[in-house]
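*Asks:* here are the coordinates; sequence isn't available:
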C-alpha cells in the first residue's frame, strides 16, 4: 500500500503542489553528565540522574540521619548550619586532614625534585584518594 522508505536517505514526498523533505535522521547528542557530588551525610559518591533536582544524599538512611540531626539541633536551639562531632569523629577528621596535607607536601617536593612522570602520577592518585577520605564528615 505504502512505498517502503529507506531511513538512511532523505525522504521526499509529493503532496499536491507542495514537496516535503525529511532530512536523514540523526542521533540526538547525549547530554553531558553532571559532576559527581558527595553525600551531605556520609561523603560517599551520589549517583545523579540526568534530570531533575540534584540529590544531596546517597541513600534514604543518610537523608534520615541528616533529618534527625537537624531536628536535634533545633531542639537544642543551635544555629542551622551547626555540625556536631564526637571527640572520636573530630580526631578522625583531623587525622584525615593531616594525611591530606602530607600528601600535598610530598607531591610538591617530588615536583621540585623533578621526579619521573610515573611517580608523580602515583603520588597525585594518592593525593586524590586522601582528599576524598578527608571530604567525609562521618
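*Replies:* Okay, I see it. This structure is a prediction, so every number in the text was calculated from the model and none was measured.
*Asks:* where in the chain is pLDDT low?
*Replies:* Along the chain, the parts satisfying pLDDT under 70 run over 1-36, 137-138.
*Asks:* list the buried residues for the longest helix anywhere in it?
*Replies:* As assigned by DSSP state H, the longest helix anywhere in the chain is helix 87-112. The neighbour-count check on helix 87-112 (16 or more other CB atoms under 10 Å) flags 92, 96, 99, 100, 103, 107, 110 as buried. All C-beta atoms are positioned from the backbone trio N, CA, C, and that covers glycine.
*Asks:* can you pull the buried residues of the helix or strand just after it?
*Replies:* The first helix or strand that comes after helix 87-112 along the chain, using DSSP states H and E, is helix 117-135. Neighbour-count burial for helix 117-135, counted by 16+ other CB under 10 Å, picks out 123, 127, 130, 134.
*Asks:* export these to TSV and tack on distance to residue 48?
*Replies:* Formatted as TSV, those follow (distance: CB to CB, whole Å):
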residue	distance to residue 48
123	30
127	25
130	24
134	22
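*Asks:* residues in contact with residue 59?
*Replies:* Going by CB atoms under 8 Å, 6 or more residues apart in numbering, residue 59 touches residue 39.
*Asks:* state the distance from it to residue 46.
*Replies:* Residue 59 is 9 Å from residue 46, where distance means CB to CB, to the nearest Å.
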